[in-house]
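Undergrad: Quick one, structure for this:
(one chain, ligands or ions: 1)
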Amino acid sequence: MIVPFSVRFRGEERNTTSRSDLLERIQRLKREKKAVILAHNYQRPEVQDIADFVGDSLELSLCAMETNAEIIVFCGVNFMAETAAILNPDKRVLIPDTNALCPMASMLPADLVRLYRRKYPGAKIVLYINSLAEAKAYCDAVCTSANAPEIVNRMDSEMVLFGPDANLAKYAQKKSDKKVVPIPQYGFCPVHKLFDRDSIMLLKQSYPDAEVMVHPECDPEIWEVADFIGSTSRMYREALTSRADKFIVATEIGLLHRLRRDRRDATFIPAYEEAICVNMRLHTLEKVYLCLRDEKYEVRLPQKIVSRAREPIEFMLRNRETQR
Ligand code: SF4
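TA: Coordinates of the predicted model:
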């Protein structure tokens, strides 16, 4: 259907007005309620732009610990908001959409962690921060994709059970002398499974000078074509400091918004344009507004889970070599 110009113009004007109105209301509520908005690197561009801080899951949790705000609006998936709530018992952590769940985190329920504990009594258990709070409550240490090998190496056992991402377990194994056993054996991130080695090779032919940056949640065959393997925070730092001015990026495409904003002279090419985490994208500006206005939905965890899960997270914070 062809939309008459005048109608289209009027509609666009209305949209622009309502968008700026919404942004203003969010800013006003933020001030009135002493709130801060934290957004993960994979959030929608407009949500990143309204946020006070954008980063990876650990950076956001640390940011939550450092802020004086009374309310934290956490635009990320469930396990991230849970971690922020565990580390900040005196603050209210709100999540705009409670359906923002991480399918990979759900692949390792707490019962399974306890079952593996019984099966391998001498092994230590390291869980990726991308795991449920109940699962974290039964592990020895938590890690991020930025420090997984370092945390595995700090365990005082020969065998380390690592979950839920089997690719990150393999990545930690590559950089450690420990025996790293993935739990479960096939835990994966559906978004990082989408990358294809041949497609990246074709992109490399089109952009021969480009630096290829790959997230360790991708399959190992994708690591083989990478110039740089790292978490989103490490990719960001690499892009800001590298001499390259073209980058092929194999992670969720939300990161490209931040990269393009902060390295304007460079070209960022998604390794796959449809690498989108639909769960992350459930948070919209409208939901952020309602979350602030109605102070919903508060992340609440049983006290037993909070105190048990806090210990392995704090182990990581005490032993971090790289966190930002
Ligand atoms: S990108 Fe993957 S690991 Fe991250 S929240 Fe989405 S599904 Fe979970």
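
Undergrad: For Gly55, give its distance to Val126.
TA: Between Gly55 and Val126 the distance is 22 Å, computed by Cβ to Cβ, to the nearest Å. No exception for glycine: its C-beta is placed from N, CA and C like everyone else's.

Undergrad: nope, Val142 is what I meant
TA: 7 Å.

Undergrad: who touches both of those two?
TA: Here Val142 and Val126 share the contacting residues Ile151, scored by Cβ atoms under 8 Å, 6 or more residues apart in numbering.

Undergrad: ok, Leu29 touching Leu290?
TA: No - between Leu29 and Leu290 there is no contact under Cβ atoms under 8 Å: 10.1 Å.

Undergrad: In terms of neighbours, single out the busier of these two.
TA: Taking other Cβ atoms under 10 Å, Leu29 and Leu290 do not tie; Leu29 has more neighbours (18 against 15).

Undergrad: element containing that one, please.
TA: Assigned by DSSP states H and E, Leu29 belongs to helix 5-32.

Undergrad: re the thing from before, compare neighbour counts for Gly55 and Val126 and give me the winner.
TA: For Gly55 versus Val126, the count of surrounding residues by other Cβ under 10 Å is larger for Val126: 28 against 21.

Undergrad: So the more buried one is in contact with Val160, correct?
TA: Yes - using Cβ under 8 Å, Val126 makes contact with Val160 at a distance of 5.6 Å.

Undergrad: Now the common contact residues for the two.
TA: Shared contacts of Val126 and Val160, counting by Cβ under 8 Å, 6+ apart, come down to 152, 172.

Undergrad: Would you map the helices across the stretch 101-250 of the chain?
TA: Under the criterion DSSP state H, counting those that start in this stretch, helices of the stretch 101-250 of the chain are mapped to 103-106, 110-119, 133-136, 148-153, 166-174, 197-206, 220-223, 232-241.

Undergrad: For those, please prepare JSON lines with the additional fields distance to Ala35, mean pLDDT and mean neighbour count.
TA: Shown next, in JSON lines, are the helices of the stretch 101-250 of the chain (distance: least, Cβ to Cβ, whole Å; pLDDT from 0 to 100; neighbours: other Cβ atoms under 10 Å):
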{"stretch": "helix 103-106", "distance to Ala35": "26", "mean pLDDT": "98", "mean neighbour count": "21"}
{"stretch": "helix 110-119", "distance to Ala35": "31", "mean pLDDT": "98", "mean neighbour count": "15"}
{"stretch": "helix 133-136", "distance to Ala35": "22", "mean pLDDT": "98", "mean neighbour count": "25"}
{"stretch": "helix 148-153", "distance to Ala35": "32", "mean pLDDT": "95", "mean neighbour count": "22"}
{"stretch": "helix 166-174", "distance to Ala35": "33", "mean pLDDT": "97", "mean neighbour count": "22"}
{"stretch": "helix 197-206", "distance to Ala35": "41", "mean pLDDT": "98", "mean neighbour count": "13"}
{"stretch": "helix 220-223", "distance to Ala35": "39", "mean pLDDT": "98", "mean neighbour count": "16"}
{"stretch": "helix 232-241", "distance to Ala35": "24", "mean pLDDT": "97", "mean neighbour count": "19"}
